[in-house]
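Colleague: My questions are about this predicted structure, shown below with the sequence.
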Amino acid sequence: MTFAPFSRVPPASRLAGTVLTVAAGLTAIVLFGPQMLRMVAHATPHGPDIPLFLKQPTVIQAHILAAVASVLVGAVILAARKGRTFHRTMGWVWASLMAVTAGSSLFIVGLNGDYWSLIHLLSGWTLVTLPLAVWAARRHKVDIHKRAMTGIFWGASIVAGAFTFLPGRLMWTMFMG
Ligand code: HEM
């Protein structure tokens, strides 16, 4: 028996994810394009601005640390052999880091004033999909587990991570400002 949410959703969710990413990218370009180009022209790449990191609220510090760690751990898991003890242990570490990343983001606003922004859709999607993907692994539904986890890694970690380096956002200032 296949689990309905995952057996039917992937092609549609992939399309929705792509449409959402392109729409968010185009909106950012139209709204902030000229300003961003000016910032790119004056960019001065440097190592991480640690004092700026230390000045951030704890929730943002926790979000950044968990997010960066989850990208690194996620990449190791994808490259390593699946199903062994290493995969299972690192899988729990990665799932916990993703839960902290998405959970902490619910307490961060700014892009859309005092309200949640489009990126919070990714947080909600991650918080719903993650436990279902873990459940699939525990029920040995390998195909569903694989699609859901790789979807979260690329769709949330990498896409949301890439967006944080847009000119004007904190990660940009931390490395380029
Ligand atoms: C390497 C990966 C990531 C990094 C470095 C990162 C970093 C940051 C930083 C520095 C902020 C606050 C400052 C700003 O908006 O510029 C932020 C906000 C946020 N992040 Fe992340 N993040 C990452 C991944 C994620 C992921 C995987 C999610 C969701 C699953 C996420 C969701 C959010 C949300 C919803 C906000 C609030 C945006 C708003 O102001 O409306 N981030 N992130």
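Modeller: Received, thanks. Numbers count the residues shown, from 1 in each chain.
Colleague: For the worst-scoring helix or strand of the chain on mean pLDDT, name the packing helices and strands.
Modeller: Across the helices and strands of the chain, mean pLDDT, DSSP states H and E gives its lowest value to helix 4-41, namely a mean of 73. Packing partners of helix 4-41 (3 or more C-beta pairs under 8 Å, 6 or more residues apart in numbering; DSSP states H and E): helix 119-138, helix 142-152, helix 159-163. (C-beta placed from N, C-alpha, C; glycine too.)
Colleague: how about the second one: buried residues?
Modeller: Just to be clear, that refers to helix 142-152. 144-145, 147-149, 151-152 (16 or more other C-beta atoms under 10 Å).
Colleague: Let me know the closest of those residues to Leu52.
Modeller: Among the buried residues of helix 142-152, Ile152 lies closest to Leu52 (C-beta to C-beta), at 28.6 Å.
Colleague: Contacts only, for the closest one.
Modeller: Residues near Ile152 by C-beta atoms under 8 Å, 6 or more residues apart in numbering: 98, 126, 129-130, 133.
Colleague: pLDDT score assigned to the most centrally placed residue in the chain?
Modeller: The chain has Ser157 as the residue nearest its centroid, 2.6 Å off, counting by C-alpha atoms, centre = their mean. Per-residue confidence (pLDDT) for Ser157: 93.
Colleague: low pLDDT regions in this protein?
Modeller: 1-11, 13 (pLDDT under 70).
Colleague: could I get the helix or strand where Ala75 lies in PDB with only the CA atoms?
Modeller: Taking DSSP states H and E as the criterion, Ala75 maps to helix 58-79. Written as PDB, here are the backbone C-alpha positions of helix 58-79 (Å, rounded to 0.1, in the frame of the first residue of the first chain):
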ATOM      1  CA  THR A  58      19.200  34.200  19.900                       C
ATOM      2  CA  VAL A  59      16.400  32.800  17.600                       C
ATOM      3  CA  ILE A  60      18.300  34.100  14.500                       C
ATOM      4  CA  GLN A  61      21.600  32.700  15.700                       C
ATOM      5  CA  ALA A  62      20.000  29.300  16.400                       C
ATOM      6  CA  HIS A  63      18.300  29.400  13.000                       C
ATOM      7  CA  ILE A  64      21.600  30.100  11.200                       C
ATOM      8  CA  LEU A  65      23.600  27.500  13.100                       C
ATOM      9  CA  ALA A  66      20.900  24.800  12.600                       C
ATOM     10  CA  ALA A  67      20.400  25.700   8.900                       C
ATOM     11  CA  VAL A  68      24.100  25.700   8.000                       C
ATOM     12  CA  ALA A  69      24.700  22.400   9.900                       C
ATOM     13  CA  SER A  70      21.600  20.800   8.200                       C
ATOM     14  CA  VAL A  71      23.000  21.700   4.800                       C
ATOM     15  CA  LEU A  72      26.400  20.100   5.700                       C
ATOM     16  CA  VAL A  73      24.900  17.000   7.400                       C
ATOM     17  CA  GLY A  74      22.300  16.600   4.600                       C
ATOM     18  CA  ALA A  75      25.000  16.700   1.900                       C
ATOM     19  CA  VAL A  76      27.000  14.000   3.800                       C
ATOM     20  CA  ILE A  77      23.900  11.800   4.100                       C
ATOM     21  CA  LEU A  78      23.000  12.100   0.400                       C
ATOM     22  CA  ALA A  79      26.600  11.100  -0.500                       C
END
